[in-house]
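Engineer: Let's see this in three dimensions:
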Amino acid sequence: MPALAPESVSAIFNLPTPDGGFEGAARLHLHQLGKKRPVVLLAFPPKAAGTYFRTAVVYAVNGQLMRVVHALGGRDGSLYLPTFVNYYSGGLTPYTMVGHVHMQGLPANIHFLESFGIRPIVMMRSIPDMLASYWDMLESDPESRKDGLNCLIPENFLEMPHETKADFLVDILGPWYVSFFASWVRYAEQRSDRACILRYRDFREKPVETLMRAVAHAGLARTREACREALDKAWEVRGECRFNKGENGRGARYFTAEHVERLARMMAPYRSLDAHRGELLAFTPQILAQAV
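Structural biologist: Below you'll find the predicted structure:
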């Protein structure tokens, strides 16, 4: 690890403001550090092609995937300041940092990103489809049942009836997904130059263009050919990327219209999500019309 500047040590060991902001000399120093090296930060929800996408990003920018959070247990990450200070000071890796973290666009996270000038990239996908994929993961991967999404996975999840599993996914995990998109859509509306919101359907239909847009947003523009090659390399190791079917509308086989109505009620207070309702619920217009 390189010797850290006194200002860096001070920033690490002095508490930020209660809402997670940095002030005065600390904020200025972190902002200057952020100019030294690029970072690609993927703030993706679970089961939105994040593992596959981050692999393609690593190939495209000659990067290195790094754990950028304090701990992975619990799934909702809090960015770890010493890792970023060390990286920006020239340590950890000679390659570009690529971070993939399940975190909401809440004030503490936004303050952290803006202190370094990091421009987050977010993926939007149907919530029922992601919950269906999460359901599959819980049933097939014992490790995934150790860490919930800001929740505890029941010890008897495998023995629970189908209807009980569906209720659990929607009632316990659904609110996190709704708040995730509400927080990032709000930030994108406030700071359109800072947040890049990708769409899962675009990634499926136009993967090269979607990857190009993401890396360009991070200040690391790459050619179409380079992005196509990166995606091809990621595809070769898709088994290691937890590649699933990636099927649009698969949530309809797991959840009922009543479940979608519950998700719609969760979304209702967030008016910024009105324009994204169909995309985030991904059910037929008839079912959406019934939802509150």
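Engineer: make it CA atoms for all contacts and neighbour counts henceforth
Structural biologist: Noted.
Engineer: mind showing which ranges of the stretch 101-250 of the chain have poor pLDDT?
Structural biologist: For the stretch 101-250 of the chain, the stretches with pLDDT under 70 are 239-247.
Engineer: Mind giving me the packing neighbours of the lengthiest helix in the chain?
Structural biologist: Longest helix in the chain, counting residues (DSSP state H): helix 174-190. On a contact count with 3 or more CA pairs under 8 Å, 6 or more residues apart in numbering; DSSP states H and E, helix 174-190 meets helix 127-140, helix 257-267.
Engineer: Switch those helices over to JSON lines; also include mean neighbour count and distance to Cys227.
Structural biologist: What follows is the helices and strands packed on helix 174-190, written out as JSON lines (neighbours: other CA atoms under 10 Å; distance: least, CA to CA, whole Å):
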{"stretch": "helix 127-140", "mean neighbour count": "20", "distance to Cys227": "25"}
{"stretch": "helix 257-267", "mean neighbour count": "19", "distance to Cys227": "35"}
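Engineer: Tell me which of these sits nearest to Ala216.
Structural biologist: Closest to Ala216 of those is helix 127-140 (CA to CA; 26.3 Å).
Engineer: circling back to that earlier point, which one of the helices and strands packed on helix 174-190 lies closest to Asp19?
Structural biologist: Using CA to CA, the nearest of the helices and strands packed on helix 174-190 to Asp19 is helix 257-267, at 24.5 Å.
Engineer: quick revisit: minimum distance to Ser179: which of the helices and strands packed on helix 174-190 has it?
Structural biologist: Closest of the helices and strands packed on helix 174-190 to Ser179 is helix 257-267, at 8.1 Å (criterion: CA to CA).
Engineer: So which elements touch the closest one?
Structural biologist: Using 3+ CA pairs under 8 Å, 6+ apart, the elements in contact with helix 257-267 are helix 174-190, helix 277-281, helix 285-290.
Engineer: out of those helices, nearest to Pro6?
Structural biologist: Among the helices and strands packed on helix 257-267, the nearest to Pro6 by CA to CA is helix 174-190 (32.6 Å).
Engineer: Parallel or antiparallel, list what pairs with the helix or strand just after the closest one.
Structural biologist: For helix 174-190, the following helix or strand on the C-terminal side (DSSP states H and E) is strand 196-199. Take DSSP bridges as the rule and strand 196-199 pairs in its sheet with strand 121-124 (parallel).
Engineer: Give me the contacts around the strand it pairs with.
Structural biologist: 40-45, 48, 181, 184, 195-200, 214, 217, 280 (CA atoms under 8 Å, 6 or more residues apart in numbering).
Engineer: Buried ones from those residues, can you make that a ChimeraX selection?
Structural biologist: Entered in ChimeraX, the line below selects the buried ones among the contacts of strand 121-124, by 16 or more other CA atoms under 10 Å:
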select :40,41,42,43,44,45,48,181,184,195,196,197,198,199,200,214,217,280
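Engineer: Counting neighbours, which bits of the longest helix of the chain end up buried?
Structural biologist: Going by 16+ other CA under 10 Å, helix 174-190 has these buried residues: 174, 176-188.
Engineer: returning to that earlier point: and the helices and strands packed on helix 257-267 as JSON lines, adding distance to Pro128?
Structural biologist: Listed next are those as JSON lines, based on distance: least, CA to CA, whole Å:
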{"stretch": "helix 174-190", "distance to Pro128": "9"}
{"stretch": "helix 277-281", "distance to Pro128": "6"}
{"stretch": "helix 285-290", "distance to Pro128": "13"}
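Engineer: Can you say which of those is nearest to Thr83?
Structural biologist: helix 174-190 (23.5 Å).
Engineer: about what we covered before: which of the helices and strands packed on helix 257-267 sits closest to Val237?
Structural biologist: Using CA to CA as the measure, helix 174-190 is the one of the helices and strands packed on helix 257-267 that comes nearest Val237, at 27.8 Å.
Engineer: Give me the pLDDT for Met1.
Structural biologist: We have a pLDDT of 67 for Met1.
Engineer: What of the one 10 residues further on?
Structural biologist: pLDDT for Ala11: 89.
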